[in-house]
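A.B. asks: The sequence isn't on hand, but the structure is:
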């Protein structure tokens, strides 16, 4: 859910440069890991990795369509890396 909001928010950024597939996957992975942490899976590394891979696979088509090539800034990417919740990414990194 949050990942879709992040990709929608990418369309509002007017400065920066086109986002790469790698950058979009990093954003999706960060959101997924934070969501898993919020669900209490923070200590089960294998479960988190499986869930993250499923999350990325499920959003692959949407990521390619709604993220790759959209404008992104280095500041937004830094914000994603430093965020402590998925909600923070949506609310702070792309507005």
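C.D. replies: It's in. Nothing here was measured: the structure is a model prediction, and the numbers come from that model.
A.B. asks: Only C-alpha atoms from now on, for both contacts and neighbour counts.
C.D. replies: Fine.
A.B. asks: so what's residue 68 up against?
C.D. replies: The contact partners of residue 68, taken as C-alpha atoms under 8 Å, 6 or more residues apart in numbering, are 18, 19, 20, 21, 24.
A.B. asks: would you say it is within a helix?
C.D. replies: No - Residue 68 sits outside any helix when classified using DSSP: H, G, I helix; E, B strand; the rest coil, being coil.
A.B. asks: what helices or strands is whichever strand or helix holds residue 52 leaning on?
C.D. replies: Under the criterion of DSSP states H and E, residue 52 resides in helix 45-58. With contacts defined as 3 or more C-alpha pairs under 8 Å, 6 or more residues apart in numbering; DSSP states H and E, helix 45-58 has these neighbours: helix 21-38.
A.B. asks: Now do the helix it packs on: everything it contacts.
C.D. replies: By C-alpha under 8 Å, 6+ apart, helix 21-38 touches 2-3, 42, 48, 51-52, 55-56, 63-64, 67-68, 77, 80-81, 84-86, 89.
A.B. asks: Report the buried residues of that helix.
C.D. replies: Within helix 21-38, the residues scored as buried using 16 or more other C-alpha atoms under 10 Å are 24-37.
A.B. asks: And the next helix or strand past the lowest-mean-pLDDT helix or strand in the chain?
C.D. replies: Every helix and strand of the chain was ranked by mean pLDDT, DSSP states H and E. The lowest is helix 2-10, at a mean of 55. Counting by DSSP H and E, the element after helix 2-10 in chain order, helix or strand, is strand 17-18.
A.B. asks: can you list contacts of that following strand?
C.D. replies: So strand 17-18 is contacted by 68, 69, 70, 71, 72, 73 (C-alpha under 8 Å, 6+ apart).
A.B. asks: circling back to that earlier point, residue 93: which of the buried residues of helix 21-38 is nearest?
C.D. replies: Taking C-alpha to C-alpha as the measure, residue 93 sits nearest to residue 27 out of the buried residues of helix 21-38, at 10.5 Å.
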